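Engineer: Below is the sequence, then the predicted model.
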Amino acid sequence: MAKKMPAANREMPYTVQLSPRGVARLQGGHVWVYRSDVNAAKDLPAGALGGVTDARGEFLGTALYSTSSQIAIRMISREPVADLPALIAQRIRAAIGYRKRVVANSNAYRVVFSEADLLPGLIVDRYNDVLSVQILTQAMDAEPLRSAVLKTLVEELEPAGIVERVDPRIRELEQLPLRKSGLCWGEKSSTVITMNFRNSGDAAGQPGVRFHYEGLEGQKTGAFLDQRENYAEAAQYAHGEALDVFCYQGGFALHLAAKCSTVTGVDSSRPALEMAEKNAALNGRELEWIEGNAFDLLKDYAAVRRQYDTIVLDPPAFAKNKQDLEKAMRGYKELNLRALKMLRPGGVLVTCSCSFHVSSQAFTEMVAEAARDAHRVARVLESRGQAKDHPILLNVPETSYLKCLVVTVR
Ligand code: SAH
């Protein structure tokens, strides 16, 4: 419901006026409004905090403004905001509190997931005693917010180091001055993380799987924390000879190693495989790593009728936008078809997509088609998504992106 512009908002220096379509988006529960739906944002500086109104001037909430992104505003509150750094600090504390409830068996997890934690433009991952911070918008990049974020993280989590990971492409899109990735607090940027452990006092006590974390190398934020729960689940069903396709630094492969007689990991990135090998040593495991193109390798293996009992497919996002969707679906289908054909009866396929543009339904249908074309009966063991430390806002579909199906085939 629109409210009369409160006094506090009248004191806010900036106002953004939306078109009816922009208003409808907010009323639909979304927190982004595109530039084309902004009627007027007179003289708003980069990263400004603005009161948002409809065409009649009715107050709708408070947003962070970007002068360059297609996403012109990101809502921060339905109320006026007088002290933004204090609000951000409070939201970070709430995000940390939520993780205390949903993460029990890992010292690596996402602490802040941007919009999903009502902290648009901020991503924070915890890797044991090192934090990784990504700042994605003009507003979060500006002082005093930047300092408020770091100060709150230091107070609440007492890390030995905080690394800022900079994506130059995003800084360019937000027209922010270039900055290098690097330590922005403390001394430490590398550490060892442990995930999916169980208390040793517990009958099912497990030491978990350990990984090196190098805060200033690798891709993304060092590891794919969104798959943490799926690693454990995949290991529940894994058996026999296993193939982890698109293995990166061995996330699935090392979890499967506890259950399988042999595990082979495939990736096109040599640095990723070098780290995977180090991770294997850290866990006292021996795995085989193959550097190559997954499409070619699966084709070659199919030609010589290689068979496996467990196959993981976790490719990069093939559909980066809607235009890529058709081609992306062909890519997913080819991989899934080949993998399904290569599984022995009773075998398990763990198949993932991290493309937001591929809906869960479209993904499931694609795997179903692949199973039909491979003449296999496939039964769903698990239909999963991202780990709970990557929360989903129901009215912000972009926060839900990871699909993971576990199927067994006859
Ligand atoms: N399963 C991994 C994450 C995979 S990310 C984990 O849980 O940690 C996607 C990986 O695919 C990256 O490591 C990238 O190097 C690799 N990759 C991208 N294109 C590839 C291709 N054509 N063949 C093999 N690997 C590829």
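Structural biologist: Everything's here; your move. These figures come from a predicted structure and were not determined experimentally. Residues are numbered from 1 along each chain as shown.
Engineer: How about the contacts made by the closest residue to the ligand within the stretch 251-400 of the chain?
Structural biologist: Ranked by Cβ to the nearest ligand atom, the top residue of the stretch 251-400 of the chain for proximity to the ligand is residue 251, at 2.9 Å. Every C-beta, even on glycine, is put in place using the N, C-alpha and C of the backbone. Residues in contact with residue 251, defined by Cβ atoms under 8 Å, 6 or more residues apart in numbering, are 211, 223, 224, 227, 231, 314.
Engineer: which residue sits closest to residue 273 in space, ignoring its chain neighbours?
Structural biologist: residue 289 (4.5 Å; Cβ to Cβ, 6 or more residues apart in numbering).
Engineer: coming back round to it: tell me which of the contacts of residue 251 fall in strands.
Structural biologist: Using DSSP state E, the subset of these located in strands is residue 211.
Engineer: which ones among the contacts of residue 251 come in contact with the ligand?
Structural biologist: 224, 227, 314 (Cβ under 6 Å from any ligand atom).
Engineer: what number of residues lie near the nearest residue to the last one once chain neighbours are set aside?
Structural biologist: Excluding the flanking residues, the one nearest residue 314 by Cβ to Cβ, 6+ apart is residue 352, at 4.4 Å. Number of residues near residue 352 (other Cβ atoms under 10 Å) recorded here: 25.
Engineer: And residue 268, by the same measure?
Structural biologist: When neighbours are defined as other Cβ under 10 Å, residue 268 has 16 of them.
Engineer: correct me, but it touches residue 291?
Structural biologist: Yes: here residue 268 reaches residue 291: they are 6.8 Å apart, a contact under Cβ atoms under 8 Å.
Engineer: residues in contact with the nearest residue to residue 226 once chain neighbours are set aside?
Structural biologist: Distances taken as Cβ to Cβ, 6+ apart place residue 386 nearest to residue 226, at 4.3 Å, with adjacent residues excluded. Residues in contact with residue 386, defined by Cβ under 8 Å, 6+ apart, are 226, 227, 392, 400, 401, 402.
Engineer: so residue 386 sits in a strand?
Structural biologist: No: in this structure, residue 386 is coil, not part of a strand, as judged by DSSP: H, G, I helix; E, B strand; the rest coil.
Engineer: residues near the nearest residue to residue 371 once chain neighbours are set aside, how many?
Structural biologist: Closest residue to residue 371 apart from its sequence neighbours, by Cβ to Cβ, 6+ apart: residue 378 at 3.9 Å. With neighbours defined by other Cβ under 10 Å, the count for residue 378 comes to 20.
Engineer: From residue 407, how far off is residue 378?
Structural biologist: 4 Å (Cβ to Cβ, to the nearest Å).
Engineer: and the stretch 301-410 of the chain, which of its residues are near the ligand?
Structural biologist: 314, 315, 316.
Engineer: now those in CSV, with pLDDT and neighbour count?
Structural biologist: Putting these into CSV (pLDDT from 0 to 100; neighbours: other Cβ atoms under 10 Å) gives the following:
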residue, pLDDT, neighbour count
314, 98, 23
315, 98, 18
316, 96, 13
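Engineer: Now render these as a markdown table, adding distance to residue 306.
Structural biologist: Below are those laid out as a markdown table (distance: Cβ to Cβ, whole Å):
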| residue | distance to residue 306 |
| --- | --- |
| 314 | 19 |
| 315 | 19 |
| 316 | 23 |
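Engineer: and whichever strand in the chain runs longest, which strands flank it?
Structural biologist: Counting by DSSP E, the longest strand found in the chain is strand 343-353. Counting by DSSP bridges, the strands paired with strand 343-353 are strand 308-313 (parallel), strand 403-409 (antiparallel).
Engineer: Show me what counts as buried in that strand.
Structural biologist: 343, 347, 348, 349, 350, 351, 352, 353 (16 or more other Cβ atoms under 10 Å).
Engineer: What sits closest to the first one if chain neighbours are left out?
Structural biologist: Nearest-residue entry for residue 343: residue 409, 5.1 Å, with adjacent residues in sequence omitted and distances by Cβ to Cβ, 6+ apart.
Engineer: Beta-bridge partners for that neighbour, please?
Structural biologist: So, taking DSSP bridges as the rule, residue 409 has residue 378 as bridge partners.
Engineer: Begin at 644, not 1, for the rest of this chat.
Structural biologist: Shifting the count to begin at 644 puts that one at residue 1052.
Engineer: how many other residues sit next to it?
Structural biologist: Residue 1052: 20 surrounding residues under other Cβ under 10 Å.
Engineer: Residue 976 now?
Structural biologist: There are 15 residues near residue 976, going by other Cβ under 10 Å.
Engineer: host element of it?
Structural biologist: Per DSSP states H and E: residue 976 is located in helix 968-985.
Engineer: tilt between that helix and strand 1046-1052?
Structural biologist: Here helix 968-985 points in a direction 30 degrees away from that of strand 1046-1052 (axes from the mean of the first three to the mean of the last three Cα atoms, to 10 degrees).
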